[in-house]
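Enquirer: Compute the structure for the input listed below.
(one chain, ligands or ions: 3)
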Amino acid sequence: MPRNVIVGHDALLQIPGIIADLGINGPIMLLSGDTTMKTVGTKVQNLLQEQGFDLVTGIVGRITYDEIKRIETVVQKAHAVLIVAVGGGRVIDTAKVVSYNLDIQFISVPTAASHDGIASSRASVVTEAGNVSVAAQPPLAIVADTGVIATAPHRLLAAGCADIIANYTAILDWELSHRLTGEPISEYALTLSKITAEILVKNASLIAHYDETAVWIVVKALFSSGIAMSIAGSSRPASGGEHKFAHMLERLAPGAALHGEACGIGTILGMYLHGGDWKSIRHSLRLIGAPTTPSDLGISDEVCLQAVLRAREIRPERFTIFDTGVTREAAEAAVKALYEV
Ligand SMILES: NC(=O)C1=CN([C@@H]2O[C@H](COP(=O)(O)OP(=O)(O)OC[C@H]3O[C@@H](n4cnc5c(N)ncnc54)[C@H](O)[C@@H]3O)[C@@H](O)[C@H]2O)C=CC1
Ligand SMILES: O=C(CO)COP(=O)(O)O
Ligand SMILES: [Zn+2]
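Expert: Ligands and ions are numbered 1, 2, ... in the order given. You can find the predicted model right below:
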């Protein structure tokens, strides 16, 4: 569990104090993304250098095992004793794995409320066989500056909400697997994941305003969902068939959707296949401003259909509704339902 969680306006200003309090002594590696380094990364860099911290910076690319190895070498060469990860989900996940492998600490500084990996002890790594979920270091501290996050494009916040709404089907899939395959379940992780999604949906109209209050609500939900994953020791409470669909979609149409956006559509589809209230999932996503159809993403229905049918190729050991022998006809009906008025 993180030792320090700071969420609020100008929270970035507290980073030097947090590091000093932690008694960290030695070079610090600041990891950021291509875009985020130019804005928030540089701001954090200046803050730390003004306070006399010995700082090295690095830019993270796509999260693959090769990229993780590359960053590990950079961190080792710098003799860094702490990583400060400033960016979106990719940057934070990379820092998590690198710090776990090198046994050093890291601080999570999300620049967008776009994913629930802000606090979790898992990381999602892209491989040729699709995304794999690997054990990683949870952050020692989280610093979420609501002012900074509120300036990120609304699309990113909506994606974060969709990543939380995905908990609804992730839970259904976990329960299904528990009943059918005997997979162990954690009631605490499951309940926390469910409540998190329910609170988020209850606040959907506030989130739609897209101000710092909205950011505050979403960051709390992302944190809570991450903790559910840490309790479970797996991403199971927040990643079911809708995530398998999303990871497959990312393979079939790279870059067409943000992670959370694909998960949101996967949640409608998964809920439809479960025979649950998929319309209310779609309603919440619409209210928040997340995409709900393939055409919203600029991809064809056929690609979406293939992602439904091939979702089971991702992480085959994780049993979900997408692994129950979905026929082409059933998949077509599910994709068609996305457009239903
Ligand atoms: N470890 C875990 O438990 C979880 C991991 N993830 C992983 O996280 C990643 C998805 O996270 P995302 O943040 O959606 O992807 P991302 O890190 O690729 O960021 C998406 C885009 O947002 C931009 N961005 C970030 N902050 C910005 C800002 N303040 N202003 C303007 N642009 C900004 C980035 O430059 C990038 O282009 C995936 O790799 C996913 O698998 C997602 C959920 C949970
Ligand atoms: O995205 C996640 C939860 O939102 C977890 O990632 P995986 O789907 O890779 O386990
Ligand atoms: Zn996710």
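Enquirer: Now the element after the one helix or strand Gly17 maps to, going C-ward?
Expert: Following DSSP states H and E, one finds Gly17 within helix 15-21. Toward the C-terminal end, the helix or strand that comes next after helix 15-21 (DSSP H and E) is strand 28-32.
Enquirer: Just confirm yes or no for that next one near ligand 1.
Expert: No: contact check for strand 28-32 against ligand 1, using CB under 6 Å from any ligand atom: none in range, with a minimum separation of 9.1 Å. Every residue, glycine included, has its C-beta placed from N, CA and C.
Enquirer: Indicate whether the helix or strand following that strand makes contact with ligand 1.
Expert: Heading C-terminal from strand 28-32, the first helix or strand you meet, by DSSP H and E, is helix 34-36. Yes: on the criterion CB under 6 Å from any ligand atom, helix 34-36 is in touch with ligand 1 at Thr35, Thr36.
Enquirer: For helix 34-36, give the mean pLDDT please.
Expert: Taken as a whole, helix 34-36 carries a mean pLDDT of 96.
Enquirer: again with stretch 238-255
Expert: Averaging pLDDT along stretch 238-255 gives 96.
Enquirer: just stretch 171-182 next, same as before
Expert: In this model, stretch 171-182 has an average pLDDT of 98.
Enquirer: so what's Ala159 up against?
Expert: Ser114, His115, Leu258, His259, Gly260, Glu261, Gly264, Ala290 (CB atoms under 8 Å, 6 or more residues apart in numbering).
Enquirer: can you count the residues close to the nearest residue to the second one once chain neighbours are set aside?
Expert: Nearest in space to His115, with sequence neighbours left out and distances taken as CB to CB, 6 or more residues apart in numbering, is Gly89 at 3.7 Å. Around Gly89 sit 25 other residues, with neighbours defined as other CB atoms under 10 Å.
Enquirer: Over to Gly89: give its phi and psi.
Expert: Recorded main-chain torsions at Gly89 are phi -60, psi -40, according to degrees, to the nearest 10.
Enquirer: roughly how far apart are it and Ile63?
Expert: Distance from Gly89 to Ile63, counting by CB to CB, to the nearest Å: 8 Å.
Enquirer: go on, Glu187?
Expert: Here the criterion is CB to CB. By it, Glu187 lies 31 Å from Ile63.
Enquirer: what about these two, which has more around it?
Expert: Counting neighbours by other CB under 10 Å for Glu187 and for Ile63 shows that Ile63 has the greater number, 22 against 7.
Enquirer: show me the contacts for that one.
Expert: Each residue near Ile63 by CB under 8 Å, 6+ apart is listed here: Arg90, Asp93, Thr94, Val97, Ala123, Ser124, Val125, Val126.
Enquirer: Now, these that are in strands?
Expert: Judged by DSSP state E, strands contain the following of the contacts of Ile63: Ala123, Ser124, Val125, Val126.
Enquirer: Looking at those, spot the one nearest ligand 2.
Expert: Out of the ones in strands among the contacts of Ile63, the one with the shortest distance to ligand 2 is Ser124. That distance is 3.1 Å, counting by CB to the nearest ligand atom.
Enquirer: Ala136 is in contact with the closest one, correct?
Expert: No: under the criterion of CB atoms under 8 Å, Ser124 lies out of contact with Ala136, with a separation of 9.4 Å.
Enquirer: would you say Ser108 is within a helix?
Expert: No: the secondary structure assignment for Ser108 gives strand rather than a helix, going by DSSP: H, G, I helix; E, B strand; the rest coil.
Enquirer: Just checking the distance from the helix holding Gly17 to the centre of its chain.
Expert: Between the mean C-alpha location of helix 15-21 and the chain-wide mean there is a distance of 26 Å, by CA atoms, centre = their mean, to the nearest Å.
Enquirer: Check which helices and strands it sits against.
Expert: For helix 15-21, the elements it packs on are strand 4-8, helix 42-50, strand 82-87, strand 105-110, strand 141-145, judged by 3 or more CB pairs under 8 Å, 6 or more residues apart in numbering; DSSP states H and E.
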